[in-house]
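**Q** what's the 3D shape of this:
(chains A and B, ligands or ions: 2)
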Amino acid sequence: MKVLNLEHILTQNGFGFAYLSADLAVLSCNPLFRNFAARQGEVLAQPLPLLFPETFGLETVFEEIAAGTRPFFKLETLQRDLPDADECYIDIAVYPTSRAEAPLFCLIQNVTPKAQLTQQVYQQQNEIRLLESIVRAHQAHAALNIWGTSEPIRQIRQTIAKISRIPTATILLKGESGTGKSMVARIIHHAAMGKTAPFVEINCAAIPDTLLESELFGYEKGAFTNAVSSKTGLLEAADGGTLFLDEIGEMPHKLQAKLLSFLETRRFRRLGSTREQEVKIRLITATNRDLNLMVREGEFREDLFYRLNVVNIELPPLRQLGDDVLLIAGNLIQSFNINFQKRVQGFTPAARQKLRNHRWPGNVRELRNAIERAMIFVESDMIDAADLQLGSLQAQEPSASPLERFQLPPEGLSFDDIERKLLEEALALAEGNQSQAAKLLHLSRDTFRYRLEKFNLL
Amino acid sequence: MNTLQLHKKICLLGTFGVGKTSLVRRFVYDKYDDEYKSTIGAKVSQKRLVPLENSRKELIQFNFLVWDIEGVEKATPQVNHYLLGAHGFLLIGDLTREETIGALPAISEFARKIAPGAPLVLAGNKADLAPDGSHTAAVLAEVADRLSAPYLLTSAKDGRNVEDCFTQLGLLIAE
Ligand SMILES: Nc1nc2c(ncn2[C@@H]2O[C@H](COP(=O)(O)OP(=O)(O)O)[C@@H](O)[C@H]2O)c(=O)[nH]1
Ligand SMILES: [Mg+2]
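**A** Numbers count the residues shown, from 1 in each chain, chains lettered A, B, ... in the order given. Ligands and ions are numbered 1, 2, ... in the order given. Modelled structure (predicted):
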């Protein structure tokens, strides 16, 4: 029986191979080996790493194989650009031989079909996951409309970075409606907590007082007439995470006391229960009202106010952010492009001007709505001034001066009373400083004093 | 003075989709494509750096053999084979996906096991999508600190800091 001709079989099956010296020079090879080499021209006597750069750095490995301390070595699925093929994947393996002058045998296998199949599977899986993450990043990006470059925004960002490292600090967010208080609460939450930590949000103004209490603290079956089964409260639901109470200024007095007691002890009871429970949460509250004033007027508990006001962040209205309006608007376009599958490029100069000039009483929320509306209807790839409907229905003509808004009631009123009220208000605003109060009323200091005397206000 | 010519093996590691292939394309060919093509296995490209000077005033020109490796988060026998003999690692995270940055310490661990002593440089890629001072950049800074490795914020898309990553790694290897 004839001995098998191994080299013939390998060539027949599309393998490249070569015999190598101890210092990795090619001593002999088949033609296919040349085809797979990364370098044109002479192959014989060249070192393997020059022809197959993938083998660079493996000198000790090859020494071990030649010495018999390692059976073989294989690099799988190496992608190659070959001049005559679109795409090629090879495996490179090195084995020992029994020939002293050629102790190593290098085998190259074309694994392109198998690799391409695997590639397609990976492609589908990864593409979906990547797309999801891109959409998420864009949404976060757009949601993160606090990403401006103006000074107030930079400061807020720094504060957020600092407090996110202290996951228990209680935070009070202040700002006009629409400035993104709820979004900032989420950012703080995500920055500080693990992925699985709960974020629980409730708007104190949106829920009737009695319901608010049971929502927050939960209840046991039979705690009140309608309590046919027991219910977990939001405090419990937020355990290990963040509880965000929006419009805290609207919380009824009785509940304020209960919240305070929770904050002091970190313990509470469900309604109708005698069992105390303990939870670990970060409390973030937000309001668009002047809590200081509410405290002075007895509408908000002072002790609770101090508990909530450990760290406070004031979110500036959009009109104070200068050109950040344009930046935020640009981010919103990108995000709506993804949602609506559009390719809007940006704003015309007229539209930019319009965005800059508007007063944005509804802040970022108003901006978002305006851009969304424009993106739905826009036909060209630029949003023009006419596409932006600003200050319609709800904009309540914020530019109207107090004088324009003032109307004499049909039954008339006392001129002296008005004068007196104006003087008093000016003094209050200027905190008793007469020069400043005079300025507020466009009066000289002397005229102002004269009128104060007239009403015995000195 | 003579310039020393040195070949060095550099491996790029990180979760799938962070931009390893794109960074290599930018670095080697100065090209970029938004289209995603999932890498399988590994691909080696070569690029010569501009000559660098080390602290001993030696002028060195590196020829980097850059290994673009499929997205991996843990060691497999195949990946270990790819990493054998590496002289430096570029560990890449995606600034839009925090979890890819979180994966870097584990990756560095198996890389350092296979090639102890090879320096690491961290890159937070897709900086064009992440706002300045974004949270993920802070996370990356913290991870880099923990691994005692330098880090850069890169974008294969607009090219920022791409060359610098490799230069940084070159400078570390040159010592
Ligand atoms: N915006 C942006 N996209 C990038 C950047 N780098 C890569 N990408 C995209 O991210 C996707 C994955 O990139 P790829 O290089 O294949 O990642 P790999 O799996 O780590 O090799 C592709 O769609 C790239 O176009 C970058 O710096 N910025
Ligand atoms: Mg890739």
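
**Q** from residue A:100, how far off is residue A:233?
**A** Note on residue A:233: its distance to residue A:100, by Cβ to Cβ, to the nearest Å, is 82 Å. No exception for glycine: its C-beta is placed from N, CA and C like everyone else's.

**Q** neighbour count: those two, which is higher?
**A** Neighbour count, other Cβ atoms under 10 Å in any protein chain shown: between residue A:233 and residue A:100, residue A:233 has more, with 21 against 8.

**Q** residues contacting the spatially closest residue to the more buried one that is not a sequence neighbour?
**A** Closest residue to residue A:233 apart from its sequence neighbours, by Cβ to Cβ, 6 or more residues apart in numbering or on different chains: residue A:218 at 2.8 Å. Residue A:218 makes contacts with A:230-236, A:270-271, as judged by Cβ atoms under 8 Å, 6 or more residues apart in numbering or on different chains.

**Q** does the residue of chain A found nearest ligand 2 count as helix, strand or coil?
**A** For chain A, the residue closest to ligand 2 is residue A:126, as judged by Cβ to the ion, at 9.3 Å. Look at residue A:126: counting by DSSP: H, G, I helix; E, B strand; the rest coil, its state is helix.

**Q** next SSE downstream of the helix or strand encompassing residue A:117?
**A** Take DSSP states H and E as the rule and residue A:117 turns out to sit in helix A:112-143. Toward the C-terminal end, the helix or strand that comes next after helix A:112-143 (DSSP H and E) is helix A:151-164.

**Q** next, the buried residues of that next one.
**A** A:152-153, A:156-157, A:159-160, A:163-164 (16 or more other Cβ atoms under 10 Å in any protein chain shown).

**Q** any idea of the pLDDT on residue 97?
**A** With no chain named, the answer covers chain A. Residue A:97 is assigned 94 on the pLDDT scale.

**Q** could you do chain B instead?
**A** Confidence at residue B:97, expressed as pLDDT, is 86.

**Q** over to residue A:198?
**A** Listed pLDDT for residue A:198 reads 90.

**Q** tally of neighbours for it?
**A** Residues near residue A:198, counting by other Cβ under 10 Å: 16.

**Q** mind listing what it touches?
**A** By Cβ under 8 Å, 6+ apart, the contact list for residue A:198 reads A:237-242.

**Q** tell me the secondary structure of residue B:73, please.
**A** Quick answer, by three-state DSSP: residue B:73 is coil.

**Q** quick check: residues of chain B near chain A?
**A** Selection of chain B residues close to chain A by Cβ under 8 Å from any Cβ of the partner chain yields B:7, B:9, B:16-17, B:36-44, B:46, B:65, B:70-71, B:78, B:81-82, B:84-87, B:94, B:96-97, B:129-135, B:138.

**Q** helix/strand/coil for residue A:412?
**A** coil.

**Q** quick one, phi psi at it?
**A** phi 80, psi 170 (degrees, to the nearest 10).

**Q** didn't residue A:224 look like it was pressed against residue A:231?
**A** No - applying Cβ atoms under 8 Å, one finds residue A:224 not in contact with residue A:231, separated by 11.2 Å.

**Q** what sits in contact with each of those two?
**A** residue A:214.

**Q** these two: which is more packed in?
**A** residue A:231 (17 against 11).

**Q** hmm, that one is touching residue A:216, no?
**A** No - Residue A:231 is beyond contact range of residue A:216, at 11.1 Å (criterion: Cβ under 8 Å).

**Q** rewinding a little: export the contacts of residue A:198 to a markdown table and tack on secondary structure?
**A** Converted to a markdown table, those look like this (three-state DSSP):
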| residue | secondary structure |
| --- | --- |
| A:237 | helix |
| A:238 | coil |
| A:239 | coil |
| A:240 | coil |
| A:241 | coil |
| A:242 | strand |
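
**Q** next one: phi and psi at the residue nearest to residue A:390 when sequence neighbours are not counted?
**A** Leaving out its chain neighbours, the residue that sits closest to residue A:390 by Cβ to Cβ, 6+ apart is residue A:358, at 4.9 Å. When read as degrees, to the nearest 10, the backbone of residue A:358 gives phi -70, psi 150.

**Q** then residue A:94?
**A** Torsion angles at residue A:94 (phi, psi; degrees, to the nearest 10) stand at phi -130, psi 130.

**Q** contacting residues for residue 160?
**A** As the question left the chain open, I've gone with chain A. The contact partners of residue A:160, by Cβ under 8 Å, 6+ apart, come to A:184, A:187-188, A:191, A:313.

**Q** my bad, the chain I had in mind was chain B
**A** With Cβ under 8 Å, 6+ apart, residue B:160 has these contacts: B:127-128, B:153-154.

**Q** confidence score at residue 109?
**A** Reading this off chain A. On the pLDDT scale, residue A:109 is placed at 96.

**Q** should've been chain B
**A** With respect to pLDDT, residue B:109 has a value of 95.

**Q** how about residue B:91, secondary structure?
**A** Classified using three-state DSSP, residue B:91 is strand.

**Q** from ligand 1, how far out is it?
**A** For residue B:91, the distance to ligand 1 equals 11 Å [Cβ to the nearest ligand atom, to the nearest Å].

**Q** who touches that residue in this structure?
**A** Per Cβ under 8 Å, 6+ apart, neighbours of residue B:91: B:13-14, B:104, B:107-108, B:111, B:120-123, B:149.

**Q** show me the helices in chain B, by range?
**A** Per DSSP state H, chain B carries helices over the ranges B:20-29, B:77-83, B:98-102, B:104-114, B:135-146, B:162-174.

**Q** wait, which of the ones you listed is closest to ligand 2?
**A** With Cβ to the ion as the criterion, ligand 2 lies closest to helix B:20-29 of the helices of chain B, at 3.2 Å.

**Q** and the closest one, which residues are buried?
**A** B:20-27.

**Q** in its sheet, what does the worst-scoring helix or strand of chain B on mean pLDDT sit against?
**A** Averaged element by element with mean pLDDT, DSSP states H and E, chain B has its least confident helix or strand at strand B:52-53 (a mean of 88). Strand pairing for strand B:52-53, determined by DSSP bridges: strand B:59-69 (antiparallel).

**Q** counting neighbours, which of the contacts of residue B:91 comes out on top?
**A** residue B:123 (34 neighbours).

**Q** doesn't residue B:89 make contact with that residue?
**A** No - shown here, residue B:123 and residue B:89 do not form a contact pair, counting by Cβ under 8 Å, at 10.7 Å.

**Q** which one of the contacts of residue A:218 sits closest to residue A:322?
**A** Nearest to residue A:322 among the contacts of residue A:218, counting by Cβ to Cβ, is residue A:234 at 38.0 Å.

**Q** any idea how far residue A:225 is from the closest one?
**A** As judged by Cβ to Cβ, residue A:234 and residue A:225 stand 22 Å apart.

**Q** so between those two, which is more surrounded?
**A** residue A:234 (20 against 6).

**Q** now do the contacts for that one.
**A** Counted by Cβ under 8 Å, 6+ apart, residue A:234 has contacts A:200, A:202, A:215-216, A:218, A:243.
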